[in-house]
Structures are given as structure tokens and as C-alpha cells.
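Enquirer: Compute the structure for the input listed below.
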Amino acid sequence: MQRINQPLRFERVFLEKVWGGRSLSKSPAEGGLGLSLPDGVPIGETWELVDREDVNSVVAEGPWKGRSLHDLMGENRADLLGDLPATEDERFPLLVKYIDAAEHLSVQVHPDDETQALGADWQAKTEAWVILGSTDEGCIYHGLTEAGTEADFAAACRAGGEGLEPMLRMHKPTAGQCYFVPGGTIHAIGGGVTLIEVQQNSDTTFRVYDWGRMGLDGKPRDIHVEEALQCIDFGGETPAPVTPDVAAPGRTRLATCAAFRMGVVNGDLTGDTGAAKQPVVLAVVAGTGELTCGAGTVKMNTGDVWLLPAALGSYQVAGEGLRLVEMEGGA
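Expert: Just a heads-up that it's a prediction; the model follows:
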């Protein structure tokens, strides 16, 4: 059995969304990543690392080119994950994506570890975002205000969203800011925002409001008010956004939970997946560089997302103007 001990980069999966745009093709200084996008369609998400039945990452280069992440998980899960547990259905536990919200996403919520048991096919989904860029009009809806009671919120949702917006806590995001979104948190990414997201490997989403628009098929998108009301944590305290010094060199931890850890690194980086006994995911959100490990050296370009398997061992990243988003398994 061939050891999976080299960094892995996967083919990018583009998702057309009714709220998507073209901002990921802009430069990092403009809030993008300089990505080459498919022509003529609004791209809302690019899935960079995913192991799901309907969408699976395929290795882009190197000895495992053309192989799916799920195949590699089945072949040698220990090399990939080390001590990090797989999902219940033996899949890679994290999903990493870039998001371009040219328009508001729906107001939505995901189950947490407790409420996922309420539905036969519900999966818990906690996520965290690092903002890449935002226009002057860009915003983030993250949690609830004190403008209404739980009953008021439910009534507004059942009335088609009338009176809902004042109950949503709104922020004006800045580049580098991190928002932690535990399952049960009502939220929406506002139009004009680009970001990178790490999340549990789940796609369970319940919308309560979609701003009165039509979907790509010209029909209203599904709304799931009753399911959402079962999931929303009305009594919980929404985590405040974390605003690091975007110019400070070194590593800054931004979000930590049972499912993952997320941080940012400005400049060069030294690490060891063998010491941690779990994989690391590195996203290059600015600059270029090289990653060197025992298996050799790979070029890292802006926008790249690399999976460093647990069996990779020690590594060094060095380059010019580097800003990395670092993602690992949970605490």
C-alpha cells in the first residue's frame, strides 16, 4: 500500500447560485482570489475540499491525480486522518469552500449535535468564516437582536418574513474578520461579501426567509420554517466576531470547537502533522510560496487549498506576501 504522505490539492468544484457573482476572480486587494471562473454564470461557491456522496474532491496533480478523496479515505484512512475521527459514514470530516455573495444568501440555520437527532437525515453543521472582502454595502447577519421574542420571530417567519430583519443582528464585516457560526445560530451572508468557510461535513440547511426572490429555475426556493424553529438556539449567546491584526506576522487562532480549529498565518509557517497526529488544511488567500516536506516541494498559488495528510510529517511554508488560513480538526 502506497503511503499517502504528500500534500494534496484537488480540482475546484464550481457551484452556480442565484445569489452568486464574479468577485472570486478579482485580486486579493479587491476581496477576491484571482480565480479563473466558468463563463456566463453566477458562481456562488467553490468547493475546495469535500467528501460527500453527491460531490467528491478529485486530486489535481501528483501520484494520486484523478483519484477521489473518498477512494483515498477507503485505501488508507490512517495516513490521511491520523487520530482525527471520520464521520459516521467513514468520510473526511471537514468541508472547505470559498463563497461569493453578490446578493444576500437566505436567512437560515443548521442543526447542532443535539437537534440533528430530530430528523432522520439531518446532519449537524457548525461553520466558521474568514472574510476575504466586503463592499461598502456588504453585511453579515449573525444571531438575534433583542427586538422580539421567540414567538415574535416564529410569527414573522410564518408570515413570509415580514418584520424579520430588525430581529437579525447585523454586522459590517472587514477583511480578515472571523465569524464563528455554531449549529443553531440564525445567519445570512449579505450581498457584497466574499469569504472562506470551514464546516462540518454536512449540507443540512433550513431557510426561514429568501428575500422574496426566485431560484435559478424561476420558482421560489424552498422555505423550512418549522424545521428551522426546532433548530434555532433562542437562548444561546452568539459568539462575537474576532478581528485580528491583519498585518501582524505569525499565527492567530480565530475559532475553536469540537469539530475544527481555524486560524490565520501571516508570513512563513513551520509545522508537523505527525506531532499533532492529524491533517492540516492550508488555504492561500494572499501571496505565493512553496511548501517543503520530506516528499519534496510544491508551489502554492493564491487561491490554492492544500490538504496535508497526518502522515506527511514536518513541513515548512515560505514565500512572498503570504497569508494562509489554517484549518485542523477540533479541540
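Enquirer: Tell me which residue lies nearest the centroid of the chain.
Expert: Nearest to the centroid of the C-alpha atoms of the chain, with distances taken as CA atoms, centre = their mean, sits Glu197, at 1.8 Å.
Enquirer: wait, doesn't that one sit right on Thr126?
Expert: No. Under the criterion of CB atoms under 8 Å, Glu197 is not in contact with Thr126, lying 11.0 Å apart. Yep, even glycine has a C-beta here, placed from its N, CA and C like the rest.
Enquirer: Not counting its neighbours along the chain, what's nearest Thr194?
Expert: For Thr194, ignoring the flanking residues on the chain, the nearest one in space by CB to CB, 6 or more residues apart in numbering is Leu132 at 4.3 Å.
Enquirer: Which helix or strand lies directly C-terminal to the helix or strand containing that neighbour?
Expert: Remark: Leu132 resides in strand 127-134, with elements defined by DSSP states H and E. Taking DSSP H and E as the definition, the helix or strand that follows strand 127-134 towards the C-terminus is strand 140-144.
Enquirer: can you pull the buried residues of that following strand?
Expert: Of the residues in strand 140-144, 140-144 count as buried by neighbour count, 16 or more other CB atoms under 10 Å.
Enquirer: picking that back up, list the contacts for the residue nearest to the centre of the chain?
Expert: For Glu197, the set of contacting residues under the criterion of CB atoms under 8 Å, 6 or more residues apart in numbering consists of 96-99, 127-129.
Enquirer: burial of Leu308, as a residue count?
Expert: Neighbour count of Leu308, defined by other CB atoms under 10 Å: 26.
Enquirer: With Arg253 instead?
Expert: For Arg253, the tally of surrounding residues (other CB under 10 Å) stands at 13.
Enquirer: Equivalent analysis for Ala295, please.
Expert: Using other CB under 10 Å, Ala295 has 16 other residues around it.
Enquirer: Leaving out the residues flanking it, which one is nearest to it?
Expert: Once its chain neighbours are removed from consideration, Ala295 has its nearest residue in Gln6; the separation is 4.2 Å (CB to CB, 6+ apart).
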